[in-house]
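Engineer: Coordinates only, no sequence provided:
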DNA sequence: AAGTGCTTCTTGAAAGTTGAACTAGATAGT
DNA sequence: ACTATCTAGTTCAACTTTCAAGAAGCACTT
């Protein structure tokens, strides 16, 4: 990284966009956190972990892989899975091929919670986003978020920008 | 709220958009949190609080107002300000007109930290968003986020959707 | 088989967040 | 004035997240 002469501040429009982004994302996160805490007894990220597991081959996944998919640190995942295990929604099993490894497995109870709370959750997401945006905007949002996500991947041979000279 | 017959699940495209949204937003938040923790010694939300204060009339604001602007709960703000006070970047003062009230005031030290770390922060935001998106996309993002934010305001005579019959 | 280094996952303490309960001051109605 | 109600802000306990450190297995080299 080079430290430039003077920083390029945000334009007025960019400032507005950034502010709207911050407000929308924090409001939505809070909203979903509360919704799921109330209806499913867990915060949004924990719920997302269950969703990931439910979609995985044997409803199970290696810890590191799960952490990567959910974009959280392994440490955070460890704590989260411990909590979900205590709630009976996930259990752990040793990985047979790699003795260091652990598989997180969605239990029947976990699946049940998921099925029970999914409709409400989808409704909340719809209400916040998809029912408010035009189809074109949905498409645009998808493209934009994909660009951002790609640029932020910790791994991907990132580092360089679209070459501005 | 009515509980419908069967839930309207997300289409394939919507699922993709939602997933991209979750990934992009969590990655960006983590990224900025780390960047600011490293460069300014505080998480992103605390930094945002200082920014809000720096833009306020006397570099000061009533607690509740600040909480509203920053979209966080009063409780969270109390803790945050306590911490920022301990770091010497904010101080509190009783509100003269309302003896219950407190004003959070940005100190010179706070202003200084802000000025010192702003360039790096703006660069990070730019790198993550504005340098990656086309001008049209920036505009689109702004519109989309404003719609979302508006729909999620806890106060605003919200409640009803764009009338889908 | 010993050594080095890498990966997997966990742990513990410190920091941050949440939701409910609480104090104190303002407001409105009677 | 009296009471009820509301608002501003804080505090406590329970929970979540982070960061640094650590235990254990793998893998490659010599």
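Structural biologist: Alright, I've got the coordinates. If you're wondering where the values come from, they're calculated on a predicted model, not measured in any experiment.
Engineer: Mind telling me which residue of chain A is nearest DNA strand C?
Structural biologist: Using Cβ to the nearest atom of the strand, the single residue of chain A nearest to DNA strand C is residue A:64, 3.0 Å away. Placement of C-beta: from N, CA and C, glycine included.
Engineer: pretty sure that residue is touching residue A:72, no?
Structural biologist: No. Here residue A:64 does not reach residue A:72: they are 11.1 Å apart, not a contact under Cβ atoms under 8 Å.
Engineer: Would you mind telling me which of these two has the busier surroundings?
Structural biologist: residue A:72 (17 against 13; other Cβ atoms under 10 Å in any protein chain shown).
Engineer: Spit out the contact partners of the most centrally placed residue in chain A.
Structural biologist: Residue closest to the mean C-alpha point of chain A, counted by Cα atoms, centre = their mean, is residue A:70 at 5.1 Å. Contacts for residue A:70 (Cβ atoms under 8 Å, 6 or more residues apart in numbering or on different chains) come out as A:45, A:48-49, A:52, A:77.
Engineer: how about 10 Å then?
Structural biologist: Residues counted as contacts of residue A:70 (Cβ atoms under 10 Å, 6 or more residues apart in numbering or on different chains) are A:45-46, A:48-49, A:51-53, A:61, A:76-77, A:80, B:22-23, B:26.
Engineer: Considering only the residues you listed, which also neighbour DNA strand D?
Structural biologist: Filtering the contacts of residue A:70 for neighbours of DNA strand D using Cβ under 7 Å from any atom of the strand leaves A:45-46, A:76, A:80.
Engineer: Okay, and which of these map to helices?
Structural biologist: Using DSSP state H, the subset of those located in helices is A:45-46, A:76, A:80.
Engineer: what's the closest of the residues you listed to residue A:102?
Structural biologist: Among these, residue A:80 lies closest to residue A:102 (Cβ to Cβ), at 13.0 Å.
Engineer: Just to check, that closest one is in contact with residue A:52?
Structural biologist: No. Look at residue A:80 against residue A:52 with Cβ atoms under 10 Å: they stay out of range, at 11.4 Å.
Engineer: In terms of packing, which of the two has more residues around it?
Structural biologist: Applying other Cβ under 10 Å to residue A:80 and residue A:52 shows that residue A:80 carries more neighbours, namely 22 against 17.
Engineer: I'd like the contacts of residue A:70 as TSV, with distance to residue B:12 appended.
Structural biologist: Listed next are the contacts of residue A:70 as TSV, based on distance: Cβ to Cβ, whole Å:
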residue	distance to residue B:12
A:45	23
A:46	25
A:48	19
A:49	22
A:51	16
A:52	17
A:53	21
A:61	22
A:76	29
A:77	27
A:80	28
B:22	16
B:23	17
B:26	22
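Engineer: And those residues, which of them are buried?
Structural biologist: Among these, those classed as buried by 16 or more other Cβ atoms under 10 Å in any protein chain shown are A:45-46, A:48-49, A:51-53, A:61, A:77, A:80, B:22-23, B:26.
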